[in-house]
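Visitor: I would like to see how this sequence folds:
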Amino acid sequence: MPLAAKPIPTYQLRIHLRDLTPDIWRRARVPGSMTLDELHLVIQVAMGWENAHLYAFRKGTESYETNWEGQPSGPLDCRRLRLADLGLKVRSKLEYEYDFGDSWMHVIKVEKVEALGPSLLPVCLAGENACPLEDCGGSDGYCELVIALHDPGHPDHEHYKEWVDEPFDPFAFDLEEVNRTLTAMFTSKKSRKSKP
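Guide: Okay, here's the model as predicted:
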């Protein structure tokens, strides 16, 4: 009698940006069948990044990457490794670095592990505060930008206002928009995979 296939878990993750106050965070539920490259896309959408830079995941001493051209970067390639392959448990942590210049470090903590099925679409459950603007100089640059934008007397107020080119609310977060984008992205990915 054949052994039953081990169920693929679903993970509830808390993703937060290090070194910023107030905390910029998101909570997401994702299937363990998802590759790290797909998790990268979930983080990009949920956080509000523009997917314009290189990234890497780290678990302990292991680093998982994909190079800029999307070609495999070796045995720890993000396009091959699934979340379920990492042996994650409740309280396990991963690091996710986005944009090696600005070095946006995210801590990903596993809050729950459930057996909800591999076909589940990723969903953002909650979050707070806006994503920093791309190419603003990392945590220090972002803090300076927010201070200058909200202080008309700041010597760099006009410079940053022109650079941003639209009103910026550091406390804004649109959960419904994030989930609309995730649903559209992963529904189309799923339909492409199912075509013969």
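Visitor: Where does the record place the domain boundaries for the chain?
Guide: 10-129+174-189, 131-172 (automatic domain parsing).
Visitor: Could you export the ones you listed as CSV, including mean pLDDT and mean neighbour count?
Guide: In this view, the C-beta of every residue, glycine as well, is placed from N, C-alpha and C. Listed next are the domains of the chain as CSV, based on pLDDT from 0 to 100; neighbours: other CB atoms under 10 Å:
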stretch, mean pLDDT, mean neighbour count
domain 10-129+174-189, 91, 17
domain 131-172, 93, 14
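Visitor: ok, now how distant is Phe168 from Ala46?
Guide: Distance of Phe168 to Ala46, given as CB to CB, to the nearest Å: 19 Å.
Visitor: His106 now?
Guide: 10 Å.
Visitor: now do Tyr55
Guide: 14 Å.
Visitor: what about the strands in the chain?
Guide: 10-17, 25-31, 55-59, 62-65, 93-98, 104-114, 123-128 (DSSP state E).
Visitor: Helices along the chain, start to end?
Guide: For the chain, the helices defined by DSSP state H cover 36-47, 138-149, 157-164, 175-194.
Visitor: hey, C-alpha coordinates of the shortest one in CSV?
Guide: I take that to be helix 157-164. Listed next in CSV are the C-alpha coordinates belonging to helix 157-164 (Å, rounded to 0.1, in the frame of the first residue of the first chain):
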residue,chain,number,x,y,z
HIS,A,157,11.2,70.5,2.0
GLU,A,158,10.9,71.8,-1.6
HIS,A,159,13.5,69.5,-2.9
TYR,A,160,11.8,66.4,-1.5
LYS,A,161,8.3,67.6,-2.4
GLU,A,162,9.5,67.9,-6.0
TRP,A,163,11.3,64.6,-5.9
VAL,A,164,8.2,62.8,-4.6
